[in-house]
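Participant: sequence plus the predicted model coming up.
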Amino acid sequence: MKLSLVVPCYNEAENVAAFQEATIAAFDGCGYDYEIVFIDDGSQDATLHNLRKIHAAQKCPVKVVSFSRNFGKEAGIYAGLTHSSGEYISFIDADLQQRPEIVRDMVKILDEQPEYDIVAAYQDRRGEGKILSFFKKSFYKLINRLSNITLKSDASDFRTIRRSVADSIIDLTEYHRFSKGIFAWVGYNTCFIPYTACERLAGKTKWNFRSLMNYAIEGIIGYSTKPLRMATFFGFLTAVASLAYMIFVVCQKIFIGIEIEGYATIIVLTLLLGAIQLFCIGIIGEYVGRTFEQTKDRPIFIAKEVLDYEK
Ligand code: UDP
Ligand code: MG
């Protein structure tokens, strides 16, 4: 098998059939064999029903892995890796925002340029709001400064990798998966190509501001321990400031005398210190929580059904 297209699907009932059609059209006459590995990520709509129909028809080799519940796109990507047999593996969304024709170009690059192991598409420009794009830019700046990996801003999960890269990623069994970080962490030579995201065919995006924030925190905590260092630094800074203030208050007491005053100072300092402490405990908690989750050593996904095709 030359190419596996891994397609994570969560509530994409209206899109999966169109996706297959578009893929078949794109790879018509390409001269190599390919398979589509659909991952049904615990969809609540008719996605699985439609995938079963697509699987039964086998217009092209189709495999369906169905999760027991929604495990998230990252788990879908991992499941796709473990269930695909291609020499090259592509990750592509089901909503046709990412065109299968581009995968053909990616395959061509890997064929012709052996120095590259990954071809990753980055978005030329997203038609998204100024506020969101400001936060995205800030996130990439922050994570690149904090962590040991360098993420390219606008790079998406839309990419094609060689089997060797896939094997390296399968070895990373962390429970909290941040694909962009994982791709950067495994290394290999990446060729970036621009692409323009099309409009979603049907349904709506699963991302909102809150989930993007959580995703950003996931990326930062997962790839850097610098926030912990920051907590230490905060503690040190507060200690130095407190010491200076203590000297000031003692001198005031000795040389001027203190009348009962300072309500504002006390309340402000109490609140401020409380806030700093909670903030630092929160940071530590993020790491402890992840350690806890990881030590449980639970599987990244549970497949309740796998529909394979005859080879
Ligand atoms: N997806 C998934 N599990 C989820 C959320 C999303 O498998 O919990 C899939 C979704 O079906 C789609 C891809 O991930 O194929 C990208 O999701 P979406 O289109 O919502 O993201 P966007 O394109 O807006 O960034
Ligand atoms: Mg999309």
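Facilitator: Right, received. Where do you want to start? Ligands and ions are numbered 1, 2, ... in the order given.
Participant: next up, the contacts around the spatially most central residue of the chain.
Facilitator: Here the mean C-alpha position of the chain is nearest to the C-alpha of Phe178 (C-alpha atoms, centre = their mean), at a distance of 3.8 Å. Taking C-beta atoms under 8 Å, 6 or more residues apart in numbering, we find Phe178 in contact with Glu74, Tyr215, Glu218, Gly219, Gly222, Tyr223. Quick note: C-beta positions are derived from backbone N, CA and C, even for glycine.
Participant: one more: Val103?
Facilitator: Here Val103 is in contact with Leu3, Leu5, Ala26, Ser90, Ile92, Thr160 (criterion: C-beta under 8 Å, 6+ apart).
Participant: can you put those in a markdown table and add pLDDT, distance to ligand 1 and neighbour count?
Facilitator: A markdown table is the format used below for these (pLDDT from 0 to 100; distance: C-beta to the nearest ligand atom, whole Å; neighbours: other C-beta atoms under 10 Å):
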| residue | pLDDT | distance to ligand 1 | neighbour count |
| --- | --- | --- | --- |
| Leu3 | 93 | 18 | 23 |
| Leu5 | 96 | 12 | 27 |
| Ala26 | 91 | 17 | 16 |
| Ser90 | 96 | 13 | 27 |
| Ile92 | 95 | 8 | 27 |
| Thr160 | 95 | 16 | 30 |
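Participant: in helices, which of those residues appear?
Facilitator: Among these, the ones falling in helices (DSSP state H) are Ala26.
Participant: in the contacts of Val103, find the pair that's most separated.
Facilitator: Across the contacts of Val103, the longest distance by C-beta to C-beta is 13.2 Å; it joins Ala26 and Thr160.
Participant: so which residues on this protein come close to ligand 2?
Facilitator: Asp93, Asp95, Gln97 (C-beta under 5 Å from the ion).
Participant: looking at the contacts of Phe178, which is nearest ligand 1?
Facilitator: Proximity of the contacts of Phe178 to ligand 1 (C-beta to the nearest ligand atom) peaks at Glu74, which lies at 8.4 Å.
Participant: ok, the closest one touching Ser179?
Facilitator: Yes: between Glu74 and Ser179 there is a contact at 5.4 Å, judged by C-beta atoms under 8 Å.
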